[in-house]
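Q: Fold the following for me, if possible:
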Amino acid sequence: MAAKRRHLYGRSKSAELLPQGSDSIFQSLGRIEVVLLVGGVLLLLVLFYTINTILSPFLVLGAIIFLLFPLRRYSLARNVMWLSVMLFSLWLLSEISDILAPFVVGMVFAYILDPIVDFFERWKIPRWVSSLVLILFLLGSIVLVLFFVLPVAASQVEGFLQSTSQLVADFRTYIQSSTWLTALERYGISSEEIRTTITSRLTPKLEDVLKTGFQGFLQLVSSLSRVVTQVFYVFLVPFLTFYILTDFPKIAYRFTMLFPRQRRERTKEYMKQADDLIGRYLRGALRVALLQGIAIFIAFTLFDIKYALLLALLASILDLIPYFGLIVIMLLSGIVATFSDPPVLPKVLFALGTIGLFHIVEVVFLSPRIVGSKVGLHPLLIILSLLVFFQFLGFVGLLIAVPVTALTILFVRDWEKRKHGFPPPESELSVPY
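A: Now for the predicted structure:
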């Protein structure tokens, strides 16, 4: 009988200590303990209020974990701790984003160059040797761009702004000396009022719009180049890229080991699919953009169109932005070509026709062979993602909108496949890019 009572007593004690289903956390506590717990929490909040000048997310996270870790067997306590850790991680990433920037850039370069290192590794060439050669080539390219390409492009931008002012001044002179306004006086329209309106209102506003637009673009380019031309980044990024590129397989392996054993195979499959999608798009799109810029520079130079290098650089960058990039570069090419030496009209038509022809060649021949025929996104979804990413991330958002959205759709499709047992029809989202 005593043994039976001890057995029942042991079961009741264990039931008090361990949560059962939807049992409340307070079931294992008495009334006095609950009162003391609530009072302690209230006093802790008062303490936080009194020392708010020295509070930091580190202290708050530490206090949350210290309080809830003994109750980690309860789902509510675990959820609160995980939510606190995630919020703290987001805050920490935002605070150290400037420090992490070179690491992110180095990781991107390493990811782009990794297939080349893998190719040479299959030929028994050590990864550090091929990585070192690629880094030296990358450094040479950066030096070439910084000391030879950017100064010429900057001078061309300055010359274009000066040409814009001169064009507006010539237009104002033409309006003031034109004889066609006299014909309007026959219909009771004062030519003097028209001249005054155009010269004092329309022309200055037109000049301000052109200057503001191109100066804003120049500030965008200068802000991007400022990040690239920082001495710290120039020296640090190649070193980081070298070490990441050398140990890239080990980094991928360690990343998969962070997941539980039962989820590692699925994680590896996700990584393989993401690499196949993002890697093909990223590396292919960069190659196509480079070929596009080189072809435009050669064509515009041979046809004696001014600011050929500037337009080629803009074409390479804007080629990474679907739809909007083509429209913007055609408008810029048409406007910039008007500042070339006479005859102007054939050069404007040649610039627009060349951009359109190169885009057709890219869509029909280059992209299917280099980038891949599909990225799995409907054109409406691409446009929506571009607008959303631009709203929150600016110009950088335009560059990453397509691959990030495609990766998100990839995970959504896999989730639907596992949930319903079959993948969604290809016609829902997948169309030629």
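Q: What segments of the stretch 301-433 of the chain are helices?
A: 308-318, 324-337, 344-361, 367-370, 379-393, 395-420 (DSSP state H, counting those that start in this stretch).
Q: in the fifth one, what's buried?
A: So that's helix 379-393. 381, 382, 385, 386, 389, 390 (16 or more other C-beta atoms under 10 Å). Every residue, glycine included, has its C-beta placed from N, CA and C.
Q: Tell me which other helices or strands it touches.
A: Contact partners of helix 379-393 among helices and strands, from 3 or more C-beta pairs under 8 Å, 6 or more residues apart in numbering; DSSP states H and E: helix 395-420.
Q: Report the inter-axis angle for the helix it packs on versus helix 379-393.
A: For helix 395-420 against helix 379-393, the angle by axes from the mean of the first three to the mean of the last three C-alpha atoms, to 10 degrees is 130 degrees.
Q: Helix 395-420 packs against which elements?
A: helix 264-274, helix 280-302, helix 379-393.
Q: 6 Å - rerun?
A: In this structure, helix 395-420 packs against helix 379-393, with contacts taken as 3 or more C-beta pairs under 6 Å, 6 or more residues apart in numbering; DSSP states H and E.
Q: ok, and what's touching the helix it packs on?
A: Residues from elsewhere that reach helix 379-393 (C-beta atoms under 6 Å, 6 or more residues apart in numbering): 322, 397, 398, 401, 405.
Q: now with 8 Å?
A: 321-324, 377, 397-398, 400-402, 404-405, 409, 429, 431, 433 (C-beta atoms under 8 Å, 6 or more residues apart in numbering).
Q: Residue 55 reaches residue 47, doesn't it?
A: No. If you go by C-beta atoms under 8 Å, residue 55 and residue 47 don't touch, sitting 9.9 Å apart.
Q: element containing the closest residue to residue 248 other than its chain neighbours, please.
A: Setting aside the residues directly before and after it, residue 248 is nearest to residue 114 in space (C-beta to C-beta, 6 or more residues apart in numbering), at 5.2 Å. Assessed by DSSP states H and E, residue 114 sits inside helix 97-121.
Q: what's whichever helix or strand comes after that helix packed up against?
A: Downstream of helix 97-121, the next assigned helix or strand under DSSP H and E is helix 127-144. Applying 3+ C-beta pairs under 8 Å, 6+ apart, we find helix 127-144 packed against helix 97-121, helix 231-246.
Q: Now do the buried residues in helix 127-144.
A: 127, 130, 131, 134, 135, 138, 142.
Q: Next, give me the two most distant ones among those residues.
A: Spatial extent of those (C-beta to C-beta) is set by the pair 127 and 142 at 21.7 Å.
Q: for this structure, what helix or strand is lowest in average pLDDT?
A: Using mean pLDDT, DSSP states H and E, the weakest-scoring helix or strand in the chain turns out to be helix 2-17, at a mean of 45.
Q: Report the next helix or strand after it in sequence order.
A: helix 31-50.
Q: Report all helices and strands that that next one contacts.
A: Packing partners of helix 31-50 (3+ C-beta pairs under 8 Å, 6+ apart): helix 57-68.
Q: re earlier: out of the contacts of helix 379-393, give me the two with the largest separation.
A: Maximum distance among the contacts of helix 379-393 (C-beta to C-beta): 22.3 Å, for 397 and 431.
Q: how deep is the residue nearest to residue 248 tucked in, by neighbour count?
A: By the criterion of other C-beta atoms under 10 Å, residue 114 has 21 neighbours.
Q: does it really touch residue 247, like I thought?
A: No. When contacts are counted by C-beta under 8 Å, residue 114 is not listed as touching residue 247 (10.9 Å).
Q: export the helices of the stretch 301-433 of the chain to CSV and tack on mean pLDDT and distance to residue 261?
A: Rendered in CSV, the data for the helices of the stretch 301-433 of the chain read as follows (pLDDT from 0 to 100; distance: least, C-beta to C-beta, whole Å):
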stretch, mean pLDDT, distance to residue 261
helix 308-318, 89, 44
helix 324-337, 88, 45
helix 344-361, 89, 49
helix 367-370, 71, 38
helix 379-393, 85, 35
helix 395-420, 81, 19
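Q: Out of those helices, indicate the one that is most buried.
A: Of all these, helix 308-318 has the most neighbours on average by mean count of other C-beta atoms under 10 Å, namely a mean of 22.
Q: Between helix 344-361 and it, find me the angle.
A: Computed by the same axes, to 10 degrees, the angle separating helix 308-318 from helix 344-361 equals 30 degrees.
Q: neighbouring contacts of helix 308-318?
A: By C-beta under 8 Å, 6+ apart, the residues outside helix 308-318 that reach it are 149, 152-153, 156-157, 160, 289-290, 292-294, 296-297, 300-301, 305, 324-326, 328-329, 332-333, 336, 351, 355.
Q: same deal with stretch 58-67?
A: Residues outside stretch 58-67 that contact it (C-beta under 8 Å, 6+ apart): 44, 48, 80, 81, 84, 85, 88.
Q: Now do the second one: how many residues are near it, please.
A: Spelled out, that is residue 48. Using other C-beta under 10 Å, the number of residues around residue 48 comes to 13.
Q: So the protein: which segments form each domain?
A: Annotated domains of the chain cover 30-95, 107-255 [automatic domain parsing].
Q: Which of those domains has the lowest mean pLDDT?
A: Mean pLDDT per stretch puts domain 107-255 lowest among the domains of the chain, at a mean of 72.
Q: distance between the ends of that domain?
A: When the termini of domain 107-255 are compared using C-alpha to C-alpha, to the nearest Å, they are 14 Å apart.
Q: Repeat that for stretch 64-72.
A: Stretch 64-72: ends 11 Å apart by C-alpha to C-alpha.
Q: next one: stretch 385-400 to chain centre, how far?
A: Taking C-alpha atoms, centre = their mean, to the nearest Å, one finds stretch 385-400 lying 7 Å from the centre of the chain it belongs to.
Q: Only alpha carbons, please: show it as PDB.
A: Presented in PDB, the C-alpha positions along stretch 385-400 are these (Å, rounded to 0.1, in the frame of the first residue of the first chain):
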ATOM      1  CA  SER A 385       8.500  42.900 -57.800                       C
ATOM      2  CA  LEU A 386      10.500  45.600 -59.400                       C
ATOM      3  CA  LEU A 387       8.200  48.300 -58.100                       C
ATOM      4  CA  VAL A 388       8.100  46.800 -54.600                       C
ATOM      5  CA  PHE A 389      11.800  46.300 -54.300                       C
ATOM      6  CA  PHE A 390      12.500  49.800 -55.600                       C
ATOM      7  CA  GLN A 391      10.100  51.200 -53.100                       C
ATOM      8  CA  PHE A 392      12.000  49.700 -50.100                       C
ATOM      9  CA  LEU A 393      15.600  49.200 -51.400                       C
ATOM     10  CA  GLY A 394      16.000  51.800 -54.200                       C
ATOM     11  CA  PHE A 395      18.200  51.100 -57.200                       C
ATOM     12  CA  VAL A 396      19.800  48.000 -55.500                       C
ATOM     13  CA  GLY A 397      16.300  46.600 -55.200                       C
ATOM     14  CA  LEU A 398      15.800  46.800 -58.900                       C
ATOM     15  CA  LEU A 399      18.900  44.700 -59.400                       C
ATOM     16  CA  ILE A 400      17.900  41.900 -57.000                       C
END
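Q: Alright, that wraps it up for me.
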